[in-house]
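Visitor: Curious how this folds, go ahead:
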Amino acid sequence: MPDASKAEFFYGDPNAPRPNRPIGVGVLALIERGGELLMERRSDCGRWGFVGGAIEAEESLEDGLRRETLEETGLVVVEEELFAVFPGPSRVVRYPDGNVVRLMTFVYRAEVEDFGTLRRSEESQELRFFRRKELSGLDVIETSKPILEAYLDPPRELFLK
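Guide: Numbers count the residues shown, from 1 in each chain. Now for the predicted structure:
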């Protein structure tokens, strides 16, 4: 039986719950320091994912990326470049409040101003930089798996499943 107090993430799972909310549009940041990638251990499920979240109705994708990165890490994004878009209908998350959302995610490479401001928010249990060889064994949420695969083996196309 699923734990109703934790978020559940689905990717390519025919048994995923049917969305009961409009499509969620989100942004994620690929933040590197010295060849290592920043990941967050999420408070809502205890598993690893990328820094980011949903954009708000009045903001651009880039503004949402800056806001989410600042809220979750204390880092100020000074430059961003679109890495890939993950629009596939099989990217679904079920939240503890009962909402089930299909996710469309825009992933950016993000440069930040100063790593000295790095801090964890309530949304994270931990923030940590990982070397490439450590990433493949990481327990990441299902919706982050294809993004991590694309990061490790960069795609030639912008739109991915």
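Visitor: Please state the offset of stretch 39-55 from the chain centre?
Guide: 6 Å (CA atoms, centre = their mean, to the nearest Å).
Visitor: what's the spacing between the residue minimising distance to the centre of the chain and residue 39?
Guide: With distances taken as CA atoms, centre = their mean, the residue of the chain nearest its centroid is residue 50 (3.7 Å). Counting by CB to CB, to the nearest Å, the separation of residue 50 from residue 39 is 7 Å. Any C-beta I mention is one placed from the backbone N, CA and C, and that applies to glycine too.
Visitor: The residue lying closest to residue 42 once chain neighbours are set aside - how many residues pack around it?
Guide: Leaving aside its chain neighbours, residue 42 sits nearest to residue 49 (5.3 Å; criterion: CB to CB, 6 or more residues apart in numbering). If you count neighbours by other CB atoms under 10 Å, residue 49 ends up with 26.
Visitor: Repeat that for residue 120.
Guide: 16.
Visitor: do residue 62 as well
Guide: Counted with other CB under 10 Å, residue 62 comes out at 16.
Visitor: same deal with residue 159?
Guide: Residue 159, neighbours per other CB under 10 Å, totals 10.
Visitor: What residues does it make contact with?
Guide: 84, 85, 87 (CB atoms under 8 Å, 6 or more residues apart in numbering).
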